[in-house]
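In: No sequence on hand, only this structure:
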């Protein structure tokens, strides 16, 4: 599970980023992950796009589907 590879504070930053940035139109998870890495380049250095994208998909599968 990708959530286990990322510390809780990164997941919280990602959840906050999604809720603050995408209130109406939510793009595909890959675009969210790219935007997140641009806003938080330190997280992008520690956790690659693939892992952050999987976390975004996991967050949406738990809360929105």
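Out: It's in. Remember, it's a predicted structure, so these values are computed and weren't measured experimentally. Numbers count the residues shown, from 1 in each chain.

In: drop to CA atoms for contacts and neighbour counts, all remaining ones
Out: Fine.

In: which of the residues in stretch 42-52 are buried?
Out: In terms of neighbour count (16 or more other CA atoms under 10 Å), stretch 42-52 has its buried residues at 43, 44, 49, 51, 52.

In: next one: stretch 15-34
Out: 15, 17, 18, 29, 30, 32, 33, 34.

In: Quick one: mean pLDDT over it.
Out: Mean per-residue pLDDT for stretch 15-34: 92.

In: who's in contact with that stretch?
Out: 36, 49, 52, 53, 56, 57, 59 (CA atoms under 8 Å, 6 or more residues apart in numbering).

In: Include distance to residue 25 and secondary structure when you put those into JSON lines, please.
Out: Formatted as JSON lines, those follow (distance: CA to CA, whole Å; DSSP: H, G, I helix; E, B strand; the rest coil):
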{"residue": "36", "distance to residue 25": "16", "secondary structure": "helix"}
{"residue": "49", "distance to residue 25": "21", "secondary structure": "helix"}
{"residue": "52", "distance to residue 25": "20", "secondary structure": "helix"}
{"residue": "53", "distance to residue 25": "17", "secondary structure": "helix"}
{"residue": "56", "distance to residue 25": "15", "secondary structure": "helix"}
{"residue": "57", "distance to residue 25": "16", "secondary structure": "helix"}
{"residue": "59", "distance to residue 25": "16", "secondary structure": "helix"}
